[in-house]
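>>> Sequence plus predicted model, see below.
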Amino acid sequence: MSLRNNKATRLNRYMMFGMFFLGIIVLGCVFAFLYLSFNKSDNPFVQQPQEGEVATDSILFIVNDSTLLEE
């Protein structure tokens, strides 16, 4: 039996290609979610500040019903 026609070698080759394609799919999903996570200006669900308003962000950090940080 030659090394190229060995059953275990063929199985390892198929698993290697399968894991390669699975990795490509996972990377594609990661980049798709990153693309979708960025805010777009034409998104109707994102509230843009009106003219004359000051847009502020607040941070509230709560653990076990206790406020640890509020800015």
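That came in fine, so what should we check first?
>>> got the phi/psi numbers for Lys7?
Torsion angles at Lys7 (phi, psi; degrees, to the nearest 10) stand at phi -60, psi -40.
>>> Quick one: neighbours of it, just the number.
8 (other Cβ atoms under 10 Å). Using the backbone N, CA and C atoms, a C-beta is placed for each residue, glycine as well.
>>> Helix, strand, or coil at Phe31?
helix (DSSP: H, G, I helix; E, B strand; the rest coil).
>>> Tell me the predicted confidence for it.
If you check Phe31, the pLDDT there is 93.
>>> what does Pro49 give?
Reported pLDDT for Pro49: 64.
>>> From here on, call the first residue 267.
OK, 267 is where the count begins now, so the last one is Pro315.
>>> Now the phi/psi pair for Asn272, please.
The phi/psi pair for Asn272 (degrees, to the nearest 10) is phi -70, psi 140.
>>> Run a quick neighbour tally on it.
11.
>>> Which of the helices or strands spans Met285?
Assigned by DSSP states H and E, Met285 falls within helix 273-303.
>>> following that helix, which helix or strand shows up next?
Assignment by DSSP H and E places the next element after helix 273-303 at strand 326-329.
>>> Can you give me the neighbour number for Asn278?
11.
>>> how far away is it from Leu288?
15 Å (Cβ to Cβ, to the nearest Å).
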